[in-house]
Structures are given as C-alpha cells and as structure tokens.
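Asker: output the structure for:
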Amino acid sequence: MVDQGNRRAAGSMVWLAVGLYRIARAGVMVAIPVVFVASIAFLRAGGADAASLQVTGPRVQVAPDASARTRLSAAATAMQTALAKGGGGITFEVVQTQTLVARSGGPKLEIHDPADRSKVLGLTDTLPVGTLVERGIATSAGFWSELIHGPLPGAEAAFDLAKVTPARQALVRDGIRYRNDGDGWLQADVVPGIGLDPDAVLRLAGLLTDVPDATDATLTAEVDPAFKLKGLKGPAQAAARAIDATSKVANLPAILAPDLAGATELRGKTDFELDDTGRLVSLTVVARNANMELYDLIVKTVITFRYPDAPPPLPDPQPAYVAPAAETDGE
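Answerer: Numbering: from 1, shown residues only. Next up is the predicted model:
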C-alpha cells in the first residue's frame, strides 16, 4: 500500500491551464494552542438562544471598544471550540486565482490564440491563468476535502460547481490519511489540497492570535467573478467587521500548497472578516510563488467558513483503489 501510495503521489501533480500550479503534499501535524482572556471575551455555544438568531455553532462576544487583536483572539477561541471534541466542526470553501506577472526589465507574457496555440496575438504584462476551488469539512474526528478545477478567466459566468467532477479528494479518518485521484481511495502520506489541508486547519487559531499589528479595516465587496462562482455557499453569516494584519508563512503553510511554504512570499496583509457574533467567516491572502524563474505567479486566495451545530459525517474511504493488473508479454 505504501509503495502504491508513493507511486500515486508522484503522479499527483495538477497543472492548471499551462501547467504552473502544483498540488500539495501534507506536512507534520502541529496543534497550536490559543490563549483566551475570559475577562475580555466570552464564548457561548450554539443552541436555543443561537437558533433564535439563526446562528449555528459557537459564537463570541467582546466589549464594544475591544481592540482588533482582542477580537481576533476571541475568533480564535470560537474556531478552537468548533474543532474541539464536542464541537460542530467547520465547513469551508477555498477559491484561488492565479495570475502571471512580467517582472520589471524581464520578458513580456505572450497571448496565444485559443484556436491555434502556436500563434501569438500579442504581449502583455499580466496574464490570468485560472481558478482552483476546494471545499471540505474539518472536525475533531478528522478532515475531508475535494479539489475542483475552476473556470478559465472569462468563463466564470458559465461555470457551475454542481456540474463538475472533483479532480481529487482528501480524507483523514481515525488518524489515517487517504487520497482519491478519481479511481478509488488509498492510504497515502500525501493528500491533495490548496489553502487548507489537515495540518493548516490546526494553525488557524495561531493565525488569528499571532497578529501584533492587527488594525480595524473597511469592509470591501469582492468584485472578481472567480470568487462568486455558481454553487459556492459562502459564509453562513455576512461579514460585519474587517481586520487587517501581517501574517507569517508559518501560520499559512498551505496557502499556495502544503509543500510550497518555502516558496511562499506573502504580499500585503491578511484581510480577516468577522460576522456579528465574532467568528471568522472569511480571510483573503495574496502571495507570490517564489519558485518561478522568468515571471511572478501571484496567487489570491479567499477562504470562507461556516460553523455547524453538529459535526458533518466523514465519508468512508470507499470504493478502495484497485491497482490495475500487471501486464505480461504475450507468447
């Protein structure tokens, strides 16, 4: 099983459009604790009172004059409560767009004729590459996600998530990791993902608390059609507050892909959005893939969160992958 898992993992590269994006390898599980100041913020579990406000999952309250750091710390507590034993877990959606950018003094990007890839129509400084989508669940019992190839730039309006087949799936159940590349589940150390993987989920609380320069920001509406694809659920609660803070790659290890932390350069601050009950409902990160040689690959990632009252069930790793029969030479 291990040999087969390694063989499958070696062939698990997903090249988006012109082959510039690599699907991830998982890292080492590290749990990040959160310090919670009860005198400043307190937590209430979802229930009858929460239901009356149509809010599921944990929620927090902070003083009206609480600082941005205090609000993010309270949001971290809600996140940890959801992911802890007895919590309802989280569901999430990750949408990632990629754009090639010409470097100053470097070569321009070629615009090819879609009908004849050998024909160059012109040159440009920026070239949108495409979109990836990941959606999944994380609970105290494990993790599940599916990876979907999104539309090419300009084709967003015709795209429907309900009509596409996931390219890959990841599962952690009973401490065992599985992957499904389209022809069955198999155990493997390497699981696919973008933005969030089983290990990055455990760093969300640390991401929310390791924010020394957190400041309140203005809520802005997303206008890129790639982040409004048909079939996306988005957060259950609308954002009510925005907070910007400088993040560390260590707290966002899978924002490009789980095995690309060493090549990740964050651009600008992370934009955190909280709902009116104090939970994190969205975060936006822009990063550069430093592995590119001639051009810069700029990746924008938006992750939205929901907080169910009860943990969604994890799927069984069925059907299992069956290796094809070995070919033999005929007489």
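
Asker: which residues of the chain score low on pLDDT?
Answerer: Across the chain, the ranges flagged by pLDDT under 70 are 1-53, 327-331.

Asker: repeat that with 80
Answerer: 1-54, 258, 326-331 (pLDDT under 80).

Asker: now do the helices in it.
Answerer: 2-10, 48-52, 68-83, 198-201, 204-209 (DSSP state H).

Asker: what's the longest one packed up against?
Answerer: Where contact means 3 or more C-beta pairs under 8 Å, 6 or more residues apart in numbering; DSSP states H and E, helix 68-83 is packed against strand 41-44, strand 59-62, strand 90-102, helix 204-209, strand 241-245, strand 264-274, strand 280-289. From N, CA and C alone the C-beta is placed, and that goes for glycine too.

Asker: and those: which comes nearest G154?
Answerer: Relative to G154, the nearest member of these by C-beta to C-beta is strand 90-102, separated by 12.3 Å.

Asker: ignoring the adjacent residues along the chain, who's closest to S73?
Answerer: In space, and not counting its chain neighbours, S73 is closest to T209: 5.4 Å by C-beta to C-beta, 6 or more residues apart in numbering.

Asker: and that neighbour, how many neighbours?
Answerer: T209 is flanked by 21 other residues according to other C-beta atoms under 10 Å.

Asker: distance of it from K269?
Answerer: Separation of T209 from K269 (C-beta to C-beta, to the nearest Å): 16 Å.

Asker: centre of the chain to stretch 265-272, how far?
Answerer: Its chain's C-alpha centre and that of stretch 265-272 lie 14 Å apart, by C-alpha atoms, centre = their mean, to the nearest Å.

Asker: what does stretch 312-326 give?
Answerer: On C-alpha atoms, centre = their mean, the centre of stretch 312-326 falls 24 Å from the chain's centre.

Asker: okay, buried residues for stretch 73-92 please.
Answerer: For stretch 73-92, the neighbour count (16 or more other C-beta atoms under 10 Å) marks 73-83, 87-92 as buried.

Asker: er, stretch 279-291 I mean
Answerer: 279-289.

Asker: same thing with stretch 160-174?
Answerer: Along stretch 160-174, these residues count as buried under the neighbour rule (16+ other C-beta under 10 Å): 161, 166-173.

Asker: same deal with stretch 231-246?
Answerer: Quick answer for stretch 231-246 (16+ other C-beta under 10 Å): 234-237, 239, 241-245.

Asker: closest to A263 out of the residues you listed?
Answerer: A245 (22.4 Å).

Asker: contacts only, for that closest one.
Answerer: Neighbouring residues of A245 by C-beta atoms under 8 Å, 6 or more residues apart in numbering: 68, 72, 211-215, 269-270, 272.

Asker: if we go to 7 Å?
Answerer: By C-beta atoms under 7 Å, 6 or more residues apart in numbering, the residues touching A245 are 211, 213-214, 269-270, 272.

Asker: give the buried subset of those as a PyMOL selection command.
Answerer: Of these, the buried ones can be selected in PyMOL as follows, counting by 16+ other C-beta under 10 Å:
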select buried, resi 211+214+269+270+272
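
Asker: can you list the contacts of A245 in CSV and add distance to Q54?
Answerer: Below are those laid out as CSV (distance: C-beta to C-beta, whole Å):
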residue, distance to Q54
V211, 29
D213, 34
A214, 28
K269, 31
T270, 28
F272, 22
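
Asker: now for the contacts of A245: which two are most distant?
Answerer: D213 and F272 (12.5 Å).

Asker: look at the closest residue to K248 other than its chain neighbours and say how many residues are nearby.
Answerer: Distances taken as C-beta to C-beta, 6+ apart put D210 closest to K248, at 6.4 Å, once the chain neighbours are dropped. Neighbour count of D210, defined by other C-beta under 10 Å: 18.

Asker: mind checking how far the closest residue to L208 other than its chain neighbours is from T209?
Answerer: Computed as C-beta to C-beta, 6+ apart, the closest residue to L208 that is not its neighbour in sequence is A76, at 3.8 Å. Distance, A76 to T209, using C-beta to C-beta: 5 Å.

Asker: tell me if I'm right that Q98 and T301 touch.
Answerer: No - contact between Q98 and T301 fails when scored by C-beta atoms under 7 Å: they sit 9.7 Å apart.

Asker: and F305, what is it in contact with?
Answerer: By C-beta under 7 Å, 6+ apart, the neighbours of F305 are 90, 92, 235, 280-281.

Asker: what do you get if the cut-off is 6 Å, keeping everything else the same?
Answerer: For F305, the contacting residues are 90, 92, 280-281, by C-beta atoms under 6 Å, 6 or more residues apart in numbering.

Asker: could you dump the residues you listed to JSON lines with distance to D224?
Answerer: Shown next, in JSON lines, are the contacts of F305 (distance: C-beta to C-beta, whole Å):
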{"residue": "I90", "distance to D224": "24"}
{"residue": "F92", "distance to D224": "19"}
{"residue": "L280", "distance to D224": "21"}
{"residue": "V281", "distance to D224": "18"}
